[in-house]
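*Asks:* Everything below, folded, please.
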Amino acid sequence: MKNTFYRFLFCILIFGILSSFASCSKSTSTAAENDKINIVVTTFPCYDFVRAATKDVENIQIKMLIKPGAEIHSYDPTPQDLIAIQKSDLFVYNGGESDEWVFEMLESMGENTPKSLRLIESVALLEEEHFEEDHFHEHEEADHHHGGHSAEELEADEHVWTSPENARKMLDYVAKALEDLEIDEKLSDKDKAKIKKNVEEYKAQITEVEEKIKKVLESKSEKFIVMGDRFPLQYFAKYYGIEYLAAFSGCSTAVEASTQTISKLINTVKEKSLPAVFYIELSNHKIADTVAEAAKVATYQLNSAQNISKADFDHRETWVSLMKKNALALDKGMR
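*Replies:* Sure, this is the predicted structure:
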């Protein structure tokens, strides 16, 4: 968490950068760029929902700030990123703790603030989990019924998109924002109709993969997994009724687990005769490998979709395709 002094300096820096570059950036815009609807997004989930909604709408241009493979929790915007946001027709961000810089930036822009969309506002939130050092965490579905809290009422878990129900709501939220854009000369009625069609088609795909995961879970004797990693899948687990044991919470910066934690993970895998240990994408899966080797089981990746590798991005992986991979991993890795 940045301290107050740092945040103040950050805001002043942003203001200076934007003031210095504003006139230059406007003068260098081409006619072709002006004909485009420029949408800037922070993370992959934001990108994927906007991409799905605007599929085949030719005059939409999307820029994702956090590059594939990057750690989203330590991202700092560049001057070029800030200028892109200021020039955008729509700025889409998740709005959790990792986007703390966004609130300061938007406030500093004053009258130059672009239309922005905070996706976390479209769903009910769960409280972020905090683990004591050298303690493990075991979650049961009944422990977390916080209802529809706002981000201001609790320290929210920001990984809201992992639930299919939330994904559909966030997609609708994106569609509404696009519909409300006051740029009719850039977005025709035909384009708006296409966006509505795209949204319904993608929501159907989300529901399809949701049913696939439910079918996998119904075939298992126990809905329980061990995660030898951080656990940014609280919304996913709660939605599907999955219990879990994890090394760290979703936003933990810890990389080394205590001996007690590793022992608990190993013993749980053995006691429950679990066939695998899981880890998340872009992880070094060191803890999962250690636990799996000791318990003589396999390891599988679960995708939280908070970011993806450059290879996956280039192969056009989507939220839906990543959840399909999760269905396969759960099928192989659960008892």
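*Asks:* centre of the chain versus the helix or strand where residue 100 lies, how much separation?
*Replies:* Secondary structure from DSSP states H and E places residue 100 in helix 100-109. Offset of helix 100-109 from its chain centre (Cα atoms, centre = their mean, to the nearest Å): 20 Å.
*Asks:* do stretch 191-211 as well
*Replies:* Distance of stretch 191-211 from the chain centroid (Cα atoms, centre = their mean) equals 19 Å.
*Asks:* Okay, now the unreliable bits of the stretch 1-150 of the chain?
*Replies:* Scanning the stretch 1-150 of the chain with the threshold set as pLDDT under 70 gives 1-34, 131-150.
*Asks:* rerun at 50
*Replies:* Applying pLDDT under 50 to the stretch 1-150 of the chain picks out residues 1-8, 12, 15, 19, 21, 23, 25-32, 132-137, 140-150.
*Asks:* That one: strands as residue ranges?
*Replies:* Secondary structure of the stretch 1-150 of the chain (DSSP state E, counting those that start in this stretch): strands located at 37-41, 60-64, 90-93, 116-118, 137-139.
*Asks:* CSV please, covering these and showing distance to residue 79 and mean neighbour count.
*Replies:* From N, CA and C alone the C-beta is placed, and that goes for glycine too. What follows is the strands of the stretch 1-150 of the chain, written out as CSV (distance: least, Cβ to Cβ, whole Å; neighbours: other Cβ atoms under 10 Å):
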stretch, distance to residue 79, mean neighbour count
strand 37-41, 14, 24
strand 60-64, 14, 18
strand 90-93, 16, 25
strand 116-118, 19, 20
strand 137-139, 40, 16
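*Asks:* Between the ones you listed, which one is closest to residue 282.
*Replies:* Nearest to residue 282 among these is strand 60-64 (15.3 Å), distances taken as Cβ to Cβ.
*Asks:* could you pull out the helices for the stretch 1-150 of the chain?
*Replies:* Counting by DSSP state H, counting those that start in this stretch, the segments of the stretch 1-150 of the chain that form helices are 4-27, 31-35, 44-53, 79-87, 100-109.
*Asks:* Equivalent analysis for the stretch 201-335 of the chain, please.
*Replies:* Along the stretch 201-335 of the chain, the stretches classed as helices by DSSP H, counting those that start in this stretch are 234-240, 259-271, 286-295, 310-314, 319-333.
*Asks:* Reformat the strands of the stretch 1-150 of the chain as JSON lines; add distance to residue 266.
*Replies:* Converted to JSON lines, those look like this (distance: least, Cβ to Cβ, whole Å):
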{"stretch": "strand 37-41", "distance to residue 266": "40"}
{"stretch": "strand 60-64", "distance to residue 266": "38"}
{"stretch": "strand 90-93", "distance to residue 266": "39"}
{"stretch": "strand 116-118", "distance to residue 266": "41"}
{"stretch": "strand 137-139", "distance to residue 266": "14"}
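*Asks:* How many residues are close by residue 241?
*Replies:* Other residues within reach of residue 241, judged by other Cβ atoms under 10 Å, total 12.
*Asks:* cool, residue 73 as well?
*Replies:* Neighbour count of residue 73, defined by other Cβ under 10 Å: 17.
*Asks:* Tell me the span between the first and last residue of stretch 91-105.
*Replies:* 12 Å (Cα to Cα, to the nearest Å).
*Asks:* Quick check: buried residues in that stretch?
*Replies:* By 16 or more other Cβ atoms under 10 Å, the buried positions in stretch 91-105 come out as 91, 92, 93, 94, 95, 96, 98, 99, 101, 102, 104, 105.
*Asks:* Just list the residues touching the first one, thanks.
*Replies:* Applying Cβ atoms under 8 Å, 6 or more residues apart in numbering, one finds that residue 91 lies in contact with 39, 40, 41, 85, 114, 115, 116, 117.
*Asks:* So what pairs up with the third one in the strands?
*Replies:* Right, residue 41. Residue 41 has these beta-bridge partners by DSSP bridges: residue 64, residue 92.
*Asks:* surely it meets residue 64?
*Replies:* Yes. Using Cβ atoms under 8 Å, residue 41 is in contact with residue 64, at 5.4 Å.
*Asks:* so what's in contact with these two at the same time?
*Replies:* Common contacts of residue 41 and residue 64, defined by Cβ under 8 Å, 6+ apart, comprise residue 47.
*Asks:* can you list the helices of the stretch 201-335 of the chain in a markdown table and add mean neighbour count?
*Replies:* A markdown table is the format used below for the helices of the stretch 201-335 of the chain (neighbours: other Cβ atoms under 10 Å):
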| stretch | mean neighbour count |
| --- | --- |
| helix 234-240 | 22 |
| helix 259-271 | 17 |
| helix 286-295 | 20 |
| helix 310-314 | 13 |
| helix 319-333 | 19 |
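*Asks:* Now tabulate those helices in JSON lines and tack on distance to residue 203.
*Replies:* Shown next, in JSON lines, are the helices of the stretch 201-335 of the chain (distance: least, Cβ to Cβ, whole Å):
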{"stretch": "helix 234-240", "distance to residue 203": "15"}
{"stretch": "helix 259-271", "distance to residue 203": "36"}
{"stretch": "helix 286-295", "distance to residue 203": "33"}
{"stretch": "helix 310-314", "distance to residue 203": "22"}
{"stretch": "helix 319-333", "distance to residue 203": "10"}
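*Asks:* What separation do you get for the closest residue to residue 332 other than its chain neighbours and residue 289?
*Replies:* Once flanking residues are discounted, residue 332 sits nearest to residue 300: 6.0 Å by Cβ to Cβ, 6 or more residues apart in numbering. For residue 300, the distance to residue 289 equals 12 Å [Cβ to Cβ, to the nearest Å].
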